[in-house]
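*Asks:* got a structure for you, letters missing:
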């Protein structure tokens, strides 16, 4: 008999009621009442366990099965019995049970609740808990929703490079990638590292952003997006930063800042709606055990029109609020998370785009506004998190861009190909970056980035 | 007026015939006949150009437009005119044309055909050529097909880590990832590199495979897959190897080698069918200009049952063939590409899985067969390429796996979490790896991996 997944049985109860099935999964609990017993079986196809009823009289190996430890892998053949009115809507009455693989008494995931800190030390097993099962299923569904959103709109998915020899974006500290022997680094005559002996013949790093490369492709395909890992070697030890994380970076030709915000807003709503639709059990779980306001907040965001306010107006709103902030608020300052959250949670009470930031606090490639002091940037702030998206219209004017590069003490020669895009059919274009882990944290209410990454990499941590 | 993409107009000609549209794109050619002229406009939404007809009498800026250089970004407002019987099925009669961004006379992509070698030096512009436009669109469609295939079957997408502190798989040379100052590497008292000062507190590398981590998740979710970048620091300079490439690695609990091959075969067919359906223009282009037999071969593969033959039988078939190979064929030898291609192209004339290889030439984690000398591996060989997929059933027996690790001189302690999976509810499971670039080469007929990667990284090359 073909294996049936537990999710299928719950999804189509009418069909399966009375039918024979074969299921395989892991025992979450085993209760032995001597003449009969119950097994809660989970196969990872959904959050729900399947209750298996076994009778000593019907199973020749009842004692072997009843004596299994939690975590054992079992295959059960039996009949689905619908149990309307009972705690669970159905159960399986076992005709036979075989042990695929036993577990051990010291199995680290016993029925009691474990702290997330402890579970981080057993990252290979934590996906078997409800919390992480739900989190990583939502992560997967959200990732696919993002691909679907862009593919349905004709965007081309581009795998921008992970290893890069340019440090163009200056978005953060970088990891060096090398095949040089660190025990004995080769040096040139004047004592410098001899990178001609390195794999790429020059210093190479892990990318901090695929944006500049994405622009290459937007100038050919019109609409493109990236979805890949990015890296920061900053030794910040916070709940929101990891050294390795995934980013989505759409880039659109013939698009201005307003169009950029339209796409970002539609994308966030699409991700939320997809997860609400495909992961109702997971969202209910998070809403009960992680964040009581989660479901209401997600539904609210999915149906709100996002606010839009200029940085200049936002500064005024913060100043007028009378609220006492840890960091002072003045035109020209970078918005801190406390400012961002106050704007989205207190002032707008919904997601809000803050636009047109001072040029000094934003990246060199953002388009200079006519006022000569702000740039066409738009950060999307959401309740509970703060900034979730950073976007901008890019500077398409060759002379303005070159001037800005020089002003910042950078060498236009290092950007020859990026400037070429403005020499040969440059056009209005815009894009944004979504930090995928922040999105998953937002969707689940999970508060620490270490708990939404399968195997998080942070300062001092690269286990598993 | 909203911008319409050229792909939409070609896809729905009846609807657009006679309608006014606004389109934006880049001029591939501009022909000026003084009183009228033609522009071939491409916006990257499809391979096709749109012919724009302009008349000097109708356009106040006719001279400006007619004088533009190839590559200029233009926005055209005009009426779609269906032209049945003409070379192209429709054209747009321009009412107005504006220059979004001019190009320059020295624009490197003139109408003539350029060598792929030259185009690799202008990777930021090559997506604007038909060859690369078609290749990267197929790449995007194939990537999405892979996600769709697995998501529809309930697989969970897992982002296994890129940076790893374990060198477990031994699949190849690794890149070191570090934040140590290479000019002045810190040393311990006994002169060794002091990795406690490195970012992760220990040596870290770029992953060569996500498989071992994927197994962690398969033992919780049942069916999972990865799709991410992997790395090899081997200084091989071939048309089939890159230092950075993308891999898909499904891993399935309660699945044996036969089930593994079933999924691999269904996946390859699904990818091919999706690309044939969604990219007919691209496939016709490749079939005409890159590989005359491509379309027939793809259609054949999509409708064939893949062959299955044991390594032992395959060796016999090769020996009996009478064909003279550069590398000798004997039981125990690793199959070379010439052997693989002979099997799939000459013997089977379709894709074939070769199974049950000698233990010595395969990885430590593959399940030992009852004969005690072969392992439950399955490589999928396809005509024109050779190996495209490598898979196996994994060794789930703790004692057998530990013994194998020791036999190979490795330390079981380094694999504590991988062995834990066998301690706590281990079960039959299997998986495979698909090299994504090989798949794209197979789908397009493009013969060099450097031309299917947006910005390829190979020995000495990390430009752009």
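*Replies:* Ah, there it is. In this text the structure is predicted, and so the values were computed from the model without any measurement.

*Asks:* Please, which helix or strand holds the residue located most distally from the centre of chain A?
*Replies:* The centre of chain A is farthest from one residue, residue A:57, which by CA atoms, centre = their mean lies 49.4 Å away. Assignment of secondary structure by DSSP states H and E places residue A:57 within no helix or strand.

*Asks:* Same question for residue A:258.
*Replies:* Residue A:258 belongs to helix A:257-278, assigned by DSSP H and E.

*Asks:* just the angle between the following helix or strand past that helix and helix A:257-278, please?
*Replies:* Sequence-wise, the next helix or strand downstream of helix A:257-278 (DSSP H and E) is helix A:280-289. Calculated by axes from the mean of the first three to the mean of the last three CA atoms, to 10 degrees, helix A:280-289 forms an angle of 90 degrees with helix A:257-278.

*Asks:* three-state assignment of residue A:81?
*Replies:* Three-state call for residue A:81 (DSSP: H, G, I helix; E, B strand; the rest coil): strand.

*Asks:* what bridges to it?
*Replies:* Beta-bridge partners for residue A:81, by DSSP bridges, are residue A:91.

*Asks:* Next, the contact list for it, please.
*Replies:* A:17-18, A:53, A:90-93 (CB atoms under 8 Å, 6 or more residues apart in numbering or on different chains). Just so you know, the C-beta spots here come from the backbone N, C-alpha and C atoms, and that holds for glycine as well.

*Asks:* could you dump these to TSV with neighbour count and pLDDT?
*Replies:* Output for the contacts of residue A:81, formatted as TSV (neighbours: other CB atoms under 10 Å in any protein chain shown; pLDDT from 0 to 100):
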residue	neighbour count	pLDDT
A:17	16	97
A:18	10	98
A:53	17	98
A:90	17	98
A:91	20	98
A:92	26	98
A:93	16	98
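
*Asks:* closest to chain B among the residues you listed?
*Replies:* Comparing the contacts of residue A:81 against chain B with CB to the nearest CB places residue A:92 closest, at 16.0 Å.

*Asks:* Number of residues surrounding the residue nearest to that closest one when sequence neighbours are not counted?
*Replies:* Excluding the flanking residues, the one nearest residue A:92 by CB to CB, 6 or more residues apart in numbering or on different chains is residue A:78, at 4.5 Å. Residue neighbour count, defined by other CB atoms under 10 Å in any protein chain shown, stands at 22 for residue A:78.

*Asks:* I'd assumed residue A:52 was in contact with residue A:78.
*Replies:* Yes. Contact criterion CB atoms under 8 Å: residue A:78 and residue A:52 qualify, at 7.0 Å.

*Asks:* Isn't the residue farthest from the centre of chain A up against residue A:35?
*Replies:* Yes. Using CB under 8 Å, residue A:57 is in contact with residue A:35, at 7.2 Å.

*Asks:* Can you tell me the SS state at residue A:110?
*Replies:* Once three-state DSSP is applied, residue A:110 turns out coil.

*Asks:* give me every residue that touches the closest residue to it other than its chain neighbours.
*Replies:* The shortest distance from residue A:110 to any non-neighbouring residue, by CB to CB, 6+ apart, is to residue A:70 (6.3 Å). Residue A:70 makes contact with A:27-30, A:103, A:107, A:109-111, according to CB under 8 Å, 6+ apart.

*Asks:* and which of those is nearest to residue A:340?
*Replies:* residue A:109 (37.4 Å; CB to CB).

*Asks:* Now do that closest one, the pLDDT please.
*Replies:* Looking at residue A:109, its pLDDT stands at 94.

*Asks:* ditto for residue A:1
*Replies:* Confidence score, pLDDT, at residue A:1: 87.

*Asks:* and the gap between it and residue A:81?
*Replies:* 17 Å (CB to CB, to the nearest Å).

*Asks:* and if you look at residue A:338?
*Replies:* From residue A:338 to residue A:81 the distance is 55 Å (CB to CB).

*Asks:* Next: residue A:283.
*Replies:* With CB to CB as the criterion, residue A:283 and residue A:81 are 28 Å apart.

*Asks:* quick one: secondary structure of the nearest residue to residue A:323 once chain neighbours are set aside?
*Replies:* Nearest residue to residue A:323, sequence neighbours excluded (CB to CB, 6+ apart): residue A:342, at 6.1 Å. Following three-state DSSP, the label given to residue A:342 is helix.

*Asks:* so residue A:342 touches residue A:320, yeah?
*Replies:* No. Using CB under 8 Å, residue A:342 is not in contact with residue A:320, being 11.8 Å away.

*Asks:* Quick check on the two: which one has the bigger neighbour count.
*Replies:* Legend: neighbour count by other CB under 10 Å for residue A:342 and residue A:320, higher for residue A:342 (22 against 9).

*Asks:* So for the more buried one, what pLDDT did the model give?
*Replies:* The model's pLDDT for residue A:342 equals 97.

*Asks:* Helices of chain A, start to end?
*Replies:* A:6-11, A:13-16, A:62-66, A:116-120, A:130-152, A:211-221, A:257-278, A:280-289, A:294-303, A:311-320, A:337-341, A:398-407, A:416-423, A:436-444 (DSSP state H).

*Asks:* any chance of the ones you listed in TSV, with distance to chain B too?
*Replies:* Listed next are the helices of chain A as TSV, based on distance: least, CB to the nearest CB, whole Å:
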stretch	distance to chain B
helix A:6-11	7
helix A:13-16	16
helix A:62-66	14
helix A:116-120	12
helix A:130-152	4
helix A:211-221	4
helix A:257-278	9
helix A:280-289	12
helix A:294-303	21
helix A:311-320	27
helix A:337-341	24
helix A:398-407	9
helix A:416-423	4
helix A:436-444	8
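
*Asks:* Let me know which of those is tucked in deepest.
*Replies:* Most buried of the helices of chain A by mean neighbour count (mean count of other CB atoms under 10 Å in any protein chain shown) is helix A:211-221; its value is a mean of 26.

*Asks:* Residues of the stretch 351-464 of chain A that sit close to chain B?
*Replies:* The stretch 351-464 of chain A has residues A:396, A:417-418, A:420-428, A:453-455, A:457, A:459-464 near chain B, with proximity defined as CB under 8 Å from any CB of the partner chain.

*Asks:* if we can go back for a sec, ok, the residue nearest to residue A:323 - contacts?
*Replies:* A:318, A:321, A:323, A:325.

*Asks:* neighbours of residue A:327, just the number please.
*Replies:* So residue A:327, with other CB under 10 Å, has 12 neighbours.

*Asks:* Excluding chain neighbours, give the residue nearest to it in space.
*Replies:* residue A:336 (4.6 Å).

*Asks:* The one you found reaches residue A:318, doesn't it?
*Replies:* No. Taking contacts as CB under 8 Å, residue A:336 lies outside contact range of residue A:318: 10.3 Å.

*Asks:* Mutual contacts of those two, please.
*Replies:* Common neighbours of residue A:336 and residue A:318 (CB under 8 Å, 6+ apart) are residue A:325.
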